[in-house]
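> Generate a structure from the sequence data that follows.
(one chain, ligands or ions: 1)
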Amino acid sequence: MSPSSPPAEPADGDVVLQAVDLQKHFKLRGLNSRDVVHAVDGVNFELRRGRVLALVGESGSGKSTIARLLAQLMPTTGGRILLHGTDATAKGRRAFRRYVGRVQMIFQDPFGSLNPVHTVRYMLSRSLRIHRGRLRGPALEEALVELLERVQLKPAERYIDKFPHELSGGQRQRVAIARALAADPEVLLADEPISMLDVSIRLGILNLLQDLRDRLHIAILYITHDIASARYFADRTMVMYAGRIVETGDSESVTQDPKHPYTQLLVRSAPDPDDLEARAHGARGEAPSLVKPPSGCRFNPRCPFATELCRTEAPPLLPVGTGENGEAREAACWGYSDRADRPTLSDITEALA
Ligand SMILES: Nc1ncnc2c1ncn2[C@@H]1O[C@H](COP(=O)(O)OP(=O)(O)OP(=O)(O)O)[C@@H](O)[C@H]1O
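This is a model prediction of the structure:
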């Protein structure tokens, strides 16, 4: 680019936020203070403008920890977070506030995240003022109405002076999303945004988030234990097991033709995610301890194909072909390597029967 050429217009698919070798080890208070919980270990991914990335895994795999690290609600113990390619670790309150203006989080429980003593008007006005400076009178009113309409709470007058307890779960989650939008963010971190809502209204919230992706070009991290919803909603899907990413690719391929034995178990076990987790545990014991994680591949104690190699060396993410639109797919399983001592993979449901 010559020095005089204008900066390129942002385009959908541009990388906005990047996790590089992200690590979080929680110190344990107690008898042996050297013990740590290996909650997140060496995780890499990119969030792209106008795209949804799903992070899928069972309870305790480290999904929420990743969201909290990206939101900078707690410090990392290793790795880096890059916003538009620049180290984003906020030093000081002003830098943190600037970062929060770009990267907003939506939580699982919209009741817990909305202060019950404040009205919708108060909460949204406060967020607008923090992120967009002093707005008053008609300009403030217009911004409030626009926010409520953007999350399809229409007509806005019906909702604006309500307290959280006067709203349904779905309406509360829409208010929480509107509050996040008041910052005009580039990234939304949505941690299980529908799992506490009635099944009948879940789709409406996912459709709303999809609309924000398409119209506002927001990059979305969608955290879920329901791999079926990832197929419906996310462009790409990343599967996490015991603090590590075990598979990535376009959502259609990952959910329809899973490569990693753990993803196969998730997809094939059951359509109901709760049942699925129960069966996954039942099939091969509990999820491993993250204080002393299994050596080698962390899934090896539950994997019917595991060999000595899997028990001793952790597999890197290996290429496993291309999916929809020629997008690269990867799985962290030695079965896809060219090592002579690699495991031989076959149908996981048959192997576990
Ligand atoms: N503050 C903390 N101190 C110690 N350990 C923690 C802390 N927060 C999380 N952990 C541990 O880190 C691991 C990952 O937890 P995390 O909440 O990220 O998982 P998750 O996949 O989001 O699970 P869920 O779906 O149940 O929310 C778990 O073993 C958890 O017990």
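> Write out the residues of the stretch 1-150 of the chain neighbouring the ligand.
Phe26, Val37, Ala39, Gly57, Ser59, Gly60, Ser61, Gly62, Lys63, Ser64, Thr65 (CB under 6 Å from any ligand atom). Any C-beta I mention is one placed from the backbone N, CA and C, and that applies to glycine too.
> I'd like the list of the residues you listed that fall within strands, please.
Among those, the members falling in strands are Phe26, Val37, Ala39 (criterion: DSSP state E).
> so what's His165 up against?
If a contact means CB atoms under 8 Å, 6 or more residues apart in numbering, then His165 has Pro116 as its contacts.
> ok, now how distant is it from Leu153?
Applying CB to CB, to the nearest Å, the value for His165 to Leu153 is 16 Å.
> And for Lys259?
The spacing between Lys259 and Leu153, counted by CB to CB, is 41 Å.
> And for Leu189?
Distance check for Leu189 against Leu153: by CB to CB, it reads 22 Å.
> okay, those two: which has more neighbours?
Between Leu189 and Leu153, counting by other CB atoms under 10 Å, Leu189 is the more crowded of the two (28 against 22).
> quick one on the thing from earlier: buried among the residues of the stretch 1-150 of the chain next to the ligand? Need that as a selection in PyMOL.
Paste this into PyMOL to select the buried members of these, with burial taken from 16 or more other CB atoms under 10 Å:
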select buried, resi 26+37+39+57+60+61+62+63+64+65
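> Just give me the closest of the residues of the stretch 1-150 of the chain next to the ligand to Arg51.
Of all those, Arg51 sits closest to Lys63, with 18.2 Å by CB to CB.
> so who does the residue of the stretch 151-300 of the chain found nearest the ligand touch?
Closest contact between the stretch 151-300 of the chain and the ligand, by CB to the nearest ligand atom, is at Leu290 (4.5 Å). By CB under 8 Å, 6+ apart, Leu290 lies in contact with Val37, His38, Ala39, Gly60, Gly62, Ala242, Gly243.
> can you put the residues of the stretch 1-150 of the chain next to the ligand in a markdown table and add distance to Ile160 and pLDDT?
Rendered in a markdown table, the data for these read as follows (distance: CB to CB, whole Å; pLDDT from 0 to 100):
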| residue | distance to Ile160 | pLDDT |
| --- | --- | --- |
| Phe26 | 41 | 94 |
| Val37 | 43 | 93 |
| Ala39 | 40 | 96 |
| Gly57 | 38 | 93 |
| Ser59 | 37 | 90 |
| Gly60 | 39 | 91 |
| Ser61 | 39 | 94 |
| Gly62 | 38 | 95 |
| Lys63 | 34 | 95 |
| Ser64 | 31 | 95 |
| Thr65 | 35 | 97 |
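> Could you list which of the residues of the stretch 1-150 of the chain next to the ligand belong to helices?
Cross-referencing those with the helices (criterion: DSSP state H) gives Lys63, Ser64, Thr65 as the overlap.
> tell me, how many neighbours does Glu308 end up with?
11.
> Name the nearest residue to Arg102, sequence neighbours excluded.
Computed as CB to CB, 6 or more residues apart in numbering, the closest residue to Arg102 that is not its neighbour in sequence is Glu186, at 5.0 Å.
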